[in-house]
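>>> predicted coordinates and the sequence they were generated for:
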Amino acid sequence: ETGVTQTPRHLVMGMTNKKSLKCEQHLGHNAMYWYKQSAKKPLELMFVYNFKEQTENNSVPSRFSPECPNSSHLFLHLHTLQPEDSALYLCASREQRDGEQFFGPGTRLTVL
Amino acid sequence: KQEVTQIPAALSVPEGENLVLNCSFTDSAIYNLQWFRQDPGKGLTSLLLIQSSQREQTSGRLNASLDKSSGRSTLYIAASQPGDSATYLCAVRPVGSGNTGKLIFGQGTTLQVKP
């Protein structure tokens, strides 16, 4: 148990649906991350939040919309996705200084 | 632009062997380097974190070394077991990433340890 939980673990959605991914960390960290992992590609950083403020958006399409209401929760709102957005979406958290990043189990997303 | 490469992409060894996984990075200006393990379809488990000022870190049968000037890190696994079968990922935190803690990942080495 890493202390970072993600729901749902699996999600299948159509291109016109709207859904949200949820991440919660129980580690008292103040930085949270969304990553995308596609087949045969390195993990790609999507968004970074520090103390609830977005500090990095790695040129992510606007059909992905993050939300960080507090230091423990992070959401990724999805709308009008494309089949190529199918991937494993991973959330992570970290202490602010030089701490390790701890990852959740991921949400396996399939866009039909 | 920082790039991280892991060689080999896949490795199959018999149980009990000692083995070395390699990670190289193009820019030596890093804060730290982290090794992760990923089981199929699962999230990442942090194995070892090496700060830029350190040369190595050890945890049980795992030993990771860092040679920042040459842009290399190795993960040594002693007396490998079938339970070690997984994908091992290397990631660096580049200087200039500010307080984001941004990591740049390699593509991983998929290890299979045969009984």
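Right, received. Where do you want to start? Numbers count the residues shown, from 1 in each chain, chains lettered A, B, ... in the order given.

>>> okay, now A:E95: neighbour count?
For A:E95, the count of nearby residues is 15 (other C-beta atoms under 10 Å in any protein chain shown). Just so you know, the C-beta spots here come from the backbone N, C-alpha and C atoms, and that holds for glycine as well.

>>> got phi/psi on the closest residue to it other than its chain neighbours?
When the adjacent residues along the chain are set aside, A:E95 lies closest to A:H29, with 5.4 Å between them (C-beta to C-beta, 6 or more residues apart in numbering or on different chains). When read as degrees, to the nearest 10, the backbone of A:H29 gives phi -80, psi 160.

>>> kindly report the residues of chain A close to chain B.
A:2, A:4, A:6, A:31, A:33, A:40-43, A:45, A:48, A:50, A:55-56, A:88, A:90, A:92, A:94, A:96, A:98-106, A:108 (C-beta under 8 Å from any C-beta of the partner chain).

>>> apply 6 Å and report the result again.
When proximity is defined as C-beta under 6 Å from any C-beta of the partner chain, chain A approaches chain B at A:31, A:42-43, A:45, A:48, A:50, A:55-56, A:90, A:94, A:98, A:100, A:103-106.

>>> which strands and helices lie in contact with whichever strand or helix holds A:V48?
Assigned by DSSP states H and E, A:V48 falls within strand A:44-50. If you count contacts as 3 or more C-beta pairs under 6 Å, 6 or more residues apart in numbering or on different chains; DSSP states H and E, strand A:44-50 packs onto strand A:31-37, strand A:53-57.

>>> tell me the mean pLDDT for the first one?
Right, strand A:31-37. If you average the pLDDT over strand A:31-37, you get 95.

>>> of the helices and strands packed on strand A:44-50, which is nearest B:F105?
Among these, the nearest to B:F105 by C-beta to C-beta is strand A:31-37 (8.4 Å).

>>> which strands and helices sit next to that closest one?
Secondary elements touching strand A:31-37 (3+ C-beta pairs under 6 Å, 6+ apart): strand A:44-50, strand A:87-94.

>>> what pairs with the shortest one, and is each one parallel or antiparallel?
When you say that, I think you mean strand A:44-50. With DSSP bridges as the test, strand A:44-50 is paired with strand A:31-37 (antiparallel), strand A:53-57 (antiparallel).

>>> what does the first one contact?
Residues external to strand A:31-37 that are found in contact with it (C-beta atoms under 6 Å, 6 or more residues apart in numbering or on different chains): A:43-50, A:74, A:76, A:87-90, A:92-94, A:96, B:101.

>>> out of the helices and strands packed on strand A:44-50, deepest packed?
strand A:31-37 (a mean of 23; mean count of other C-beta atoms under 10 Å in any protein chain shown).

>>> quick one: distance of that strand to the chain centre.
5 Å (C-alpha atoms, centre = their mean, to the nearest Å).

>>> that'll do, ta.
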